[in-house]
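Undergrad: compute the structure for the input listed below.
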Amino acid sequence: MAQSIERRIRRTVLGAVLLALLVTVMSVLIANEKLEQAILALDIQAERDFLLELAEADKPLVWNTATLQAFYVPAALVGETEIPALFQRYPFPFAGEVEQGDTTLIVTASEAEGGRLYLAKDISIFEYQEAVFHRFLLALCVGMIALAGLLAHITGRRLAAPLTRLTRDIEGTLPAPAMPRVSEQSGDQELRAIACSFNRFLEELESYVRREKSLLGMASHELRTPLAVIGGALDVIEQRNALSPADARALSRIRRAADEMGANVEAILTLTRRAAAAPAWEPLDLGRLVAGVLADLAPTIGEAPRLSLQVDEPVCVRADPMLVRMLVRNLVHNALQHTTSRVQVRVDASWLEVIDEGSGLPRAYRDFLVGAGEAEDLANLPGLGLFIVTLIAERLGWPLSAPQTETGGTVLRLTFAPERAAA
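TA: Numbering: from 1, shown residues only. The predicted model follows:
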């Protein structure tokens, strides 16, 4: 799962501060330990020098103070003089830190000038001061961690704020004939470059769409003339009444093909014209409109009744009547092309279905409806009907779906957007 840049900045800043804090604390602890050892070593050496100045060559020396216990025995009396109980438990020579109840001692037993010197230095005061220092250091670390968290939060928000604003501007750019540009007045060079690149992309995209619409419109206009010529020629031939039954059937197929192509051209022209114009929304009786479309299509499918309409209840929607009429016509006409059986149209309060008993919807079209395919795959299918249906449904804001059926065939459902389904 992708993480936000603000969170990554926070973690990076917090990690850097914690790492620096850890290195600092470890360095302070090591330096404090070394300093303590150096002070104690100097203190003990001073005590040794002082005691050796007091020692006599022919008798032992015992020295006891609040923080020091010392015993010196001349070399001639070693083995004959009893050593204090404190030092008897340790071997000779010896040097180390020992615990005696609540007291911490540094005990040393070593050779000295003219004899042996035993020292026991009370360093409890040093240990207490060290504990106090450690508690202070711990409290300081907790405060630094809290401050580091606050600093990471503020830094992450401030550094990510320009990028967050740019992201919101880009997300708010909705597809439209003239899309708003994002601001290029950023103090960060990289973000300004992103904004400029995005605006150039929008300009190129709008230019491409304008060229495609112009080409589509001009092509559709140019197709109107030969279609009109074909229709006029067919009328003249029919008026002569000199055709054999076979020629009449062929002529009928030509007329149906010309009418279908004319309807597609008209749909494309309507889409290109209304893309730039304000939508002509108005209340309309959907059941009556569908019935009219089916009545217009009935003469083109022969004498056998293949179309049926089921309207559960009167449905009034607010939409563009011409677009809805073209949408229903293309849906029904496509169903008629893919089956020789009956085609049923059902109108409900929130959806319209076209049901046929043909071979089923092409896989590329079904993948496109569920979001697994590309528009290019849909455009490469035979015929323009399905593609035009998709474009008109998008323009109306009526989601188009293809529910699975157990009996085969195809069910295409148009769902009326709740905010646009109104009386």
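Undergrad: strands of the stretch 201-350 of the chain, residue ranges please.
TA: With strands called from DSSP state E, counting those that start in this stretch, the stretch 201-350 of the chain shows them at 282-285, 307-311, 316-319, 343-347.
Undergrad: list the buried residues for stretch 105-123?
TA: If you call a residue buried by 16 or more other C-beta atoms under 10 Å, then stretch 105-123 has these buried ones: 105-109, 112, 115-123. (C-beta placed from N, C-alpha, C; glycine too.)
Undergrad: likewise stretch 84-98?
TA: Residues of stretch 84-98 classed as buried by neighbour count (16+ other C-beta under 10 Å): 87, 90.
Undergrad: straight-line length of that stretch, end to end?
TA: End-to-end distance for stretch 84-98, by C-alpha to C-alpha, to the nearest Å: 16 Å.
Undergrad: and for stretch 74-92?
TA: By C-alpha to C-alpha, the extent of stretch 74-92 from end to end equals 15 Å.
Undergrad: didn't residue 330 look like it was pressed against residue 388?
TA: Yes: judged on C-beta atoms under 8 Å, residue 330 makes contact with residue 388 at a distance of 5.3 Å.
Undergrad: overlap in contacts of these two?
TA: Both residue 330 and residue 388 are contacted by residue 267, under the criterion C-beta atoms under 8 Å, 6 or more residues apart in numbering.
Undergrad: what about the two, which has more around it?
TA: Higher neighbour count among residue 330 and residue 388: residue 330, with 27 against 22, using other C-beta atoms under 10 Å.
Undergrad: quick one, what contacts that one?
TA: 263, 267, 385, 386, 388, 389, 392.
Undergrad: ok, the second one - contacts?
TA: Which is residue 267. With contact taken as C-beta under 8 Å, 6+ apart, residue 267 is in contact with 326, 330, 388, 392.
Undergrad: got it, and the last one?
TA: Remark: with contacts taken as C-beta under 8 Å, 6+ apart, residue 392 is in contact with 267, 271, 323, 326, 327, 330.
Undergrad: tell me where this structure has helices.
TA: In the chain, the helices defined using DSSP state H lie at 5-54, 85-88, 124-171, 189-240, 245-276, 286-297, 321-337, 363-369, 375-379, 385-396.
Undergrad: helix 124-171 and the first one, what's the angle between them?
TA: What it means is helix 5-54. Using axes from the mean of the first three to the mean of the last three C-alpha atoms, to 10 degrees, one finds that helix 5-54 and helix 124-171 are set 170 degrees apart in direction.
Undergrad: show me what helix 5-54 is packed against.
TA: Helix 5-54 sits against strand 61-64, strand 68-74, strand 103-112, strand 115-122, helix 124-171, with contacts defined as 3 or more C-beta pairs under 8 Å, 6 or more residues apart in numbering; DSSP states H and E.
Undergrad: now do it and strand 115-122, the angle between them.
TA: On the basis of the same axes, to 10 degrees, helix 5-54 is oriented at 140 degrees to strand 115-122.
Undergrad: quick one: helix 5-54 to strand 68-74, angle?
TA: Using the same axes, to 10 degrees, the inter-axis angle of helix 5-54 relative to strand 68-74 is 40 degrees.
Undergrad: what mean pLDDT does helix 5-54 get?
TA: The pLDDT scores in helix 5-54 average 89.
Undergrad: ok, now the last one?
TA: Computed over helix 385-396, the mean pLDDT rounds to 80.
Undergrad: which positions in it come out as buried?
TA: Neighbour count says helix 385-396 has 385, 386, 387, 388, 389, 390, 391, 392, 393, 395, 396 buried, by 16+ other C-beta under 10 Å.
Undergrad: using CSV, write out every CA atom in it.
TA: The C-alpha coordinates for helix 385-396 follow below in CSV (Å, rounded to 0.1, in the frame of the first residue of the first chain):
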residue,chain,number,x,y,z
GLY,A,385,-24.1,0.6,-32.2
LEU,A,386,-22.5,-0.6,-29.0
PHE,A,387,-19.9,2.2,-29.0
ILE,A,388,-22.5,4.9,-29.6
VAL,A,389,-24.6,3.4,-26.8
THR,A,390,-21.7,3.8,-24.4
LEU,A,391,-21.0,7.4,-25.4
ILE,A,392,-24.7,8.4,-25.0
ALA,A,393,-25.0,6.6,-21.7
GLU,A,394,-21.9,8.5,-20.4
ARG,A,395,-23.4,11.8,-21.7
LEU,A,396,-26.7,11.2,-19.9
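Undergrad: chain neighbours aside, what residue packs nearest to the residue of the chain positioned farthest from its centre?
TA: When distances are taken from the C-alpha mean of the chain, residue 58 lies farthest, 89.5 Å away, according to C-alpha atoms, centre = their mean. Nearest residue to residue 58, sequence neighbours excluded (C-beta to C-beta, 6 or more residues apart in numbering): residue 74, at 6.5 Å.
Undergrad: what about that neighbour, how many residues nearby?
TA: Neighbours around residue 74, by other C-beta under 10 Å: 19.
Undergrad: go ahead and confirm it touches residue 52.
TA: No: if you go by C-beta under 8 Å, residue 74 and residue 52 don't touch, sitting 11.6 Å apart.
Undergrad: what about the protein, any weak spots by pLDDT?
TA: Residues of the chain that meet the criterion pLDDT under 70 lie in 1-2, 272-279, 302-304, 358-385, 406-408, 417-423.
Undergrad: residue ranges of each domain in it, please.
TA: 5-147, 181-277, 278-423 (automatic domain parsing).
Undergrad: so of these, which one's packed in deepest?
TA: domain 278-423 (a mean of 16; mean count of other C-beta atoms under 10 Å).
Undergrad: centre of the chain to it, how far?
TA: Counting by C-alpha atoms, centre = their mean, to the nearest Å, domain 278-423 is centred 35 Å from the centre of its parent chain.
Undergrad: same check, this time on stretch 3-23
TA: Stretch 3-23 sits 21 Å away from the centroid of its parent chain (C-alpha atoms, centre = their mean).
Undergrad: with stretch 180-192 instead?
TA: Centroid separation for stretch 180-192 versus its chain: 22 Å, with C-alpha atoms, centre = their mean.
Undergrad: send the alpha carbons of it over as PDB?
TA: The C-alpha coordinates for stretch 180-192 follow below in PDB (Å, rounded to 0.1, in the frame of the first residue of the first chain):
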ATOM      1  CA  PRO A 180      -9.100  24.600 -15.600                       C
ATOM      2  CA  ARG A 181      -5.300  24.900 -15.300                       C
ATOM      3  CA  VAL A 182      -3.400  24.300 -12.100                       C
ATOM      4  CA  SER A 183      -1.400  27.200 -10.500                       C
ATOM      5  CA  GLU A 184       2.200  27.400 -11.600                       C
ATOM      6  CA  GLN A 185       3.000  30.000  -8.900                       C
ATOM      7  CA  SER A 186       5.000  27.600  -6.600                       C
ATOM      8  CA  GLY A 187       8.100  28.400  -4.700                       C
ATOM      9  CA  ASP A 188       9.500  25.000  -5.400                       C
ATOM     10  CA  GLN A 189      11.200  24.400  -8.700                       C
ATOM     11  CA  GLU A 190      10.200  20.800  -9.000                       C
ATOM     12  CA  LEU A 191       6.500  21.400  -8.200                       C
ATOM     13  CA  ARG A 192       6.400  24.300 -10.700                       C
END
